[in-house]
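Enquirer: Sequence first, then the predicted structure, then my questions.
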Amino acid sequence: MRLRLPGWLRAAGNTLLNTVFPPLCLACGEPTPETGQLCPTCFATVEFITPPQCQVCGAPFADEAGATLLCGACLLRRPLYARSRSCARYGDTVRGLVLAFKHGDRTELAPALAAMMMRAGAPLIAEADVIVPVPLHRWRLFRRRFNQAALLARAIARSGHKPLATQALARIRATSSQGRQRRRARFANVRGSFAVRRPQQVAGRAVLLIDDVLTTGATVAACTRVLRAAGAIRVDVLTFAQVVRPLVAPVRASAEPVKVDAH
């Protein structure tokens, strides 16, 4: 049972803590008014993804769009997942945060990054029955000592009051890094790499899949495929950052069937 402190006592404790350890910018280390924030300079360099955007992949549009509009890529080849949302484009400041979090052992960034993700993905979180992180292979987890997606998922589940299933999905095959591979190679690299270990945690449920960065969508596509095969009724995706093409014009969705991405 967690001890609930009076509001005045928590405020006094935070004031004392900020006096001893002044809050610093998440990205550059400059002083900020509160913990878990970006300074004005770094904040101005972050390209947050907000509407108008594709209603499936979440890519930002250059022009105002209605609620039923899709980007051309999703209209031509619909992803396996239902919807994807990300907090920001993968630019210089965001890249620095992700690399510091994932490879610089700055696990203290998880609550702040998760809070930003929750604002971007509020509807997805509200409609989710269970939250599942993209898993690491056991050998990579051994080397890194933590799964960054699991830390984000745990923070989101706690704040959003949603069940968390960290063991539902497993990476059963070690793969090479996706970093320098082209799109087709990325999909081939992760094919057959995931399995659902605890189908009872996802069957008949709307799953929210959590990862740090969405690039080509190869990893989340592979995860979505096995989650749907295990009985998940829907899989949505929420990431901190997204690698997006230049701003595109929206295309109005038609009633014509679309091809679902089989990768």
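Expert: Looks like it arrived, so ask away.
Enquirer: How many neighbouring residues does Arg119 have?
Expert: A count of nearby residues for Arg119, using other CB atoms under 10 Å, gives 11. C-betas here are computed from N, CA, C, even on glycine.
Enquirer: what's the spacing between it and Leu164?
Expert: 19 Å (CB to CB, to the nearest Å).
Enquirer: Contact partners for Ala110?
Expert: Phe101, Gln148, Leu151, Leu152, Arg154, Ala155 (CB atoms under 8 Å, 6 or more residues apart in numbering).
Enquirer: Sorry, slip of the keys, the one I care about is Thr107.
Expert: Here Thr107 is in contact with Phe101, Phe146, Gln148, Leu151 (CB under 8 Å, 6+ apart).
Enquirer: before we move on, what about Cys223?
Expert: Applying CB under 8 Å, 6+ apart, the residues near Cys223 are Val132, Val134, Leu169, Phe194, Leu209, Val235.
Enquirer: Need the max-distance pair from the contacts of Thr107.
Expert: Spatial extent of the contacts of Thr107 (CB to CB) is set by the pair Phe101 and Phe146 at 9.9 Å.
Enquirer: Give me the more crowded residue out of the two.
Expert: For the pair Phe101 and Phe146, the greater number of neighbours falls to Phe101 (23 against 14), based on other CB under 10 Å.
Enquirer: Ala203 versus the more buried one, what's the distance?
Expert: In terms of CB to CB, Phe101 sits 32 Å off from Ala203.
Enquirer: Ok, Thr219 next?
Expert: 22 Å.
Enquirer: can you check Pro23 too?
Expert: 43 Å.
Enquirer: Then Thr224?
Expert: In terms of CB to CB, Thr224 sits 15 Å off from Ala203.
Enquirer: And for Cys25?
Expert: 43 Å.
Enquirer: picking that back up, where neighbours are concerned, which of the contacts of Ala110 has the most?
Expert: Leu152 (27 neighbours).
Enquirer: does that residue really touch Asp212, like I thought?
Expert: Yes - here Leu152 reaches Asp212: they are 6.6 Å apart, a contact under CB atoms under 8 Å.
Enquirer: The stretch 151-263 of the chain: helices as residue ranges?
Expert: Assigned by DSSP state H, counting those that start in this stretch, the helices in the stretch 151-263 of the chain fall at 183-190, 218-229.
Enquirer: how about low-confidence regions in this protein?
Expert: 1-21, 64-68, 175-189, 246-263 (pLDDT under 70).
Enquirer: do that again at 80, thanks
Expert: 1-21, 62-68, 139-143, 174-192, 245-263 (pLDDT under 80).
Enquirer: hang on, the earlier thing: could I get the contacts of Thr107 as CSV with distance to Phe48?
Expert: Formatted as CSV, the contacts of Thr107 follow (distance: CB to CB, whole Å):
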residue, distance to Phe48
Phe101, 18
Phe146, 26
Gln148, 20
Leu151, 21
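Enquirer: Among the residues you listed, which are located in helices?
Expert: Phe101, Gln148, Leu151 (DSSP state H).
Enquirer: Now the last one. Nearest residue, chain neighbours left out?
Expert: Put plainly, it is Leu151. Once flanking residues are discounted, Leu151 sits nearest to Ala110: 4.1 Å by CB to CB, 6 or more residues apart in numbering.
Enquirer: isn't Val196 right up against Ala168?
Expert: Yes - under the criterion of CB under 8 Å, Val196 makes contact with Ala168 at 6.2 Å.
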